[in-house]
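S.K.: My questions concern the predicted model and sequence given below.
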Amino acid sequence: MWPFPQKCISPVADTLKQISVGTCPQFAQRSRVRKLQYIAELERNVQALQAKGSEVSAELEFVNQQNLILNMENKALKQRLESLAQEQLIKYMEHEVLEREIGRLRALYQQHQQQPPPPTSTHRRANSRDLNS
């Protein structure tokens, strides 16, 4: 079956069997060291990620507080804008009323200017002088 005699393969096969079973102390020790190094690396990664998570959590809390403050400022500004819009509407309406009143007073003034002057009061004085004499 095999091109090599079974006796030639036997020491290699035995070594491979020992490695796979873990009976060779050198290989087992190296494997344990690699596992411990891998575990230590994973623990460092976990600690780094936990620190980063804490940092991100603090940043998120800060951003949420800033967002709350900005939302409150935005609400106050919207209320102020609404108040100013109402004031502007009131002033516009007052202006319209005053413009109509100015027009009415001008028309009244022009009408008054076009009327003939009232009779002079000298005639009355003459009558009153006559009474005194």
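M.R.: Yep, it's here. Source: prediction; values computed, not measured. Numbering: from 1, shown residues only.

S.K.: tell me the mean pLDDT over stretch 108-119?
M.R.: For stretch 108-119, mean pLDDT rounds to 87.

S.K.: Make 223 the starting number, not 1.
M.R.: Taking 223 as the first residue, the last one we looked at is stretch 330-341.

S.K.: Can you measure across it, start residue to end residue?
M.R.: Length of stretch 330-341, first residue to last, Cα to Cα, to the nearest Å: 21 Å.

S.K.: Do you know the pLDDT at C246?
M.R.: Value listed for C246 in the pLDDT field: 74.

S.K.: same question, the one 4 residues further on
M.R.: Here, the pLDDT recorded for A250 equals 88.

S.K.: now do the one 5 residues further on
M.R.: Listed pLDDT for V255 reads 96.

S.K.: Over to the one 5 residues further on?
M.R.: Model confidence at Y260, given as pLDDT, is 97.

S.K.: Please report the number of neighbouring residues for it.
M.R.: Residues lying near Y260 (other Cβ atoms under 10 Å) number 10. (Glycine included, C-beta is placed from N, CA and C.)

S.K.: Over to F249?
M.R.: Look at F249: counted by other Cβ under 10 Å, it has 15 neighbours.

S.K.: so where's the chain uncertain?
M.R.: 223-245, 343-355 (pLDDT under 70).

S.K.: change it to 50
M.R.: Applying pLDDT under 50 to the chain flags the ranges 229-230.

S.K.: all helices of it, in order?
M.R.: For the chain, the helices defined by DSSP state H occupy 228-243, 247-336, 344-354.

S.K.: which parts of stretch 260-275 are buried?
M.R.: For stretch 260-275, burial by neighbour count (16 or more other Cβ atoms under 10 Å) applies to no residue.

S.K.: Quick one: distance of it to the chain centre.
M.R.: Relative to its chain's centre, stretch 260-275 lies at 34 Å (Cα atoms, centre = their mean, to the nearest Å).

S.K.: C246: neighbour count?
M.R.: For C246, the neighbour count with other Cβ under 10 Å is 16.

S.K.: And it, how far from R252?
M.R.: Here the criterion is Cβ to Cβ, to the nearest Å. By it, C246 lies 10 Å from R252.
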